[in-house]
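*Asks:* Predicted structure and sequence below. I'll ask about it afterward.
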Amino acid sequence: MQLSGRGIVCVRGGREVFAGLDFEAVAGEAVAVVGRNGSGKTSLLRLIAGLLVPAGGTIVLDGGDAEMTLPEQCHYLGHRDALKPALSVAENLTFWADFLGGERFDFAQSLATVGLEH
């Protein structure tokens, strides 16, 4: 499996963060994304995860499941968790199911299964 990006352009808030970015990572390899604050490290990861749309270029996963999109096969774990502290667990699960288009399921049963029904 290989993840690659070619000529990626990232624009945030009307400002070009980076352009012409190329990378590739083969299964079993690690890629370190380093740079100063504001250089686009988090934006690049969000582009790969499908949370942002590139202004240009392509990001491709070769050797993955052909029936699934890259965001469906990729997970983003950022420096902040994706939970909204003002929402209950059920409300957070509902938000992400709506956002991701997930299948509806019984939240209470799921929480009970992992011992979090309280």
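*Replies:* Happy to help now that I have it. Numbers count the residues shown, from 1 in each chain.
*Asks:* Now the spatially most central residue of the chain: closest residue in space, sequence neighbours ignored.
*Replies:* What sits nearest the mean C-alpha location of the chain, by C-alpha atoms, centre = their mean, is residue 49, with 2.7 Å. Excluding its sequence neighbours, the residue lying closest to residue 49 (C-beta to C-beta, 6 or more residues apart in numbering) is residue 76, at 3.5 Å. (C-beta placed from N, C-alpha, C; glycine too.)
*Asks:* Over to residue 47?
*Replies:* In space, residue 47 is closest to residue 54, 5.4 Å off (C-beta to C-beta, 6+ apart).
*Asks:* what sits against the one you found?
*Replies:* 8, 9, 10, 47 (C-beta atoms under 8 Å, 6 or more residues apart in numbering).
*Asks:* Could you find the two of the residues you listed that are most distant from each other?
*Replies:* 9 and 47 (9.6 Å; C-beta to C-beta).
*Asks:* So which of the two has more stuff around it?
*Replies:* residue 47 (24 against 15; other C-beta atoms under 10 Å).
*Asks:* Look up phi and psi at that one.
*Replies:* Main-chain torsions, residue 47, degrees, to the nearest 10: phi -60, psi -50.
*Asks:* begin at 49 from here
*Replies:* All set: I'll call the first residue 49, so the last point we hit is now residue 95.
*Asks:* was I right about it contacting residue 56?
*Replies:* Yes - in this structure, residue 95 is within contact of residue 56 by C-beta atoms under 8 Å, at 6.6 Å.
*Asks:* got a list of what residue 87 touches?
*Replies:* 65, 66.
*Asks:* Helix, strand or coil: sort out it for me.
*Replies:* coil (DSSP: H, G, I helix; E, B strand; the rest coil).
*Asks:* same thing with residue 156?
*Replies:* Taking three-state DSSP, the label given to residue 156 is helix.
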